[in-house]
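A.B. asks: How does the following fold in three dimensions:
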Amino acid sequence: MPGIRLQPARDQRAFKLSYFVDRFEWPGPRNVRKHLKEHGLAASLIYSHHEFLDLLPVRASKGRAIQYLARRWGFNMDEVLVAGDSGNDADMLRSGALGVVVKNHSSELRYLRGRERICFAERSYARGILEGISRHGFLVEPGPNPAVEESGIVEEGGGPGAELESV
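C.D. replies: Prediction:
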């Protein structure tokens, strides 16, 4: 297909084919799916950063992995927070977990704006994730921990979550 070129062997995996995409030449995801279907193939297409295309098995995705792990470990999706910045995170952000899209996100995630469980941070990178944690109320300030207080390890004003106060 025009505008799609296989990435080097070092970037390939047993269950993932990775391609470079010329966003001005490639026919788009709908036509790639149609082409695969015409050849009796099905795959999950992950388009990211306007230049990468990954083909995965239909049932493989970050979102399904998050859902599986939450069920496996007995977590409610309200107890799971995910963060992303590009199209390869979209499925995970739509998984039902609490989601954070950092400020330095790729435009591929704009369509998620306004979804109830997904917040768009005003900060980039890790600071954006910390902002999302705070906005979702994900970490609750823990109560006193006598073992820590008696050890003298934590100084006044320190302790778990102290770094989040500046968010």
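A.B. asks: and residue 20, what is it in contact with?
C.D. replies: 4-7, 51-53 (C-beta atoms under 8 Å, 6 or more residues apart in numbering). (Each C-beta comes from the backbone N, C-alpha and C, glycine too.)
A.B. asks: neighbour-wise, which of those residues leads?
C.D. replies: Highest neighbour count within those: residue 53, with 22 neighbours (other C-beta atoms under 10 Å).
A.B. asks: taking the contacts of residue 20 one by one, which sit in strands?
C.D. replies: 4-6, 52-53 (DSSP state E).
A.B. asks: Which two of the residues you listed have the greatest separation?
C.D. replies: Farthest pair in the ones in strands among the contacts of residue 20 (C-beta to C-beta) is 6 and 52. Separation: 11.8 Å.
A.B. asks: Give the residues shared as contacts by those two.
C.D. replies: Counting by C-beta under 8 Å, 6+ apart, the residues touching both residue 6 and residue 52 are 18-20.
A.B. asks: Can you lay out the residues you listed as CSV showing pLDDT, secondary structure and distance to residue 67?
C.D. replies: Compiled in CSV, the shared contacts of residue 6 and residue 52 are given as follows (pLDDT from 0 to 100; DSSP: H, G, I helix; E, B strand; the rest coil; distance: C-beta to C-beta, whole Å):
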residue, pLDDT, secondary structure, distance to residue 67
18, 97, strand, 24
19, 97, strand, 27
20, 98, strand, 30
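A.B. asks: Pipe those residues into TSV and attach distance to residue 99 per row.
C.D. replies: Putting those into TSV (distance: C-beta to C-beta, whole Å) gives the following:
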residue	distance to residue 99
18	25
19	27
20	28
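A.B. asks: Between these, which sits nearest residue 135?
C.D. replies: Closest to residue 135, out of all of the shared contacts of residue 6 and residue 52 and judged by C-beta to C-beta, is residue 18, at 33.4 Å.
A.B. asks: Just the pLDDT for the nearest residue to that closest one once chain neighbours are set aside.
C.D. replies: Nearest non-adjacent residue to residue 18, counting by C-beta to C-beta, 6 or more residues apart in numbering: residue 7, 4.2 Å away. Residue 7 is assigned a pLDDT of 98 by the prediction.
A.B. asks: With that, I have no additional questions.
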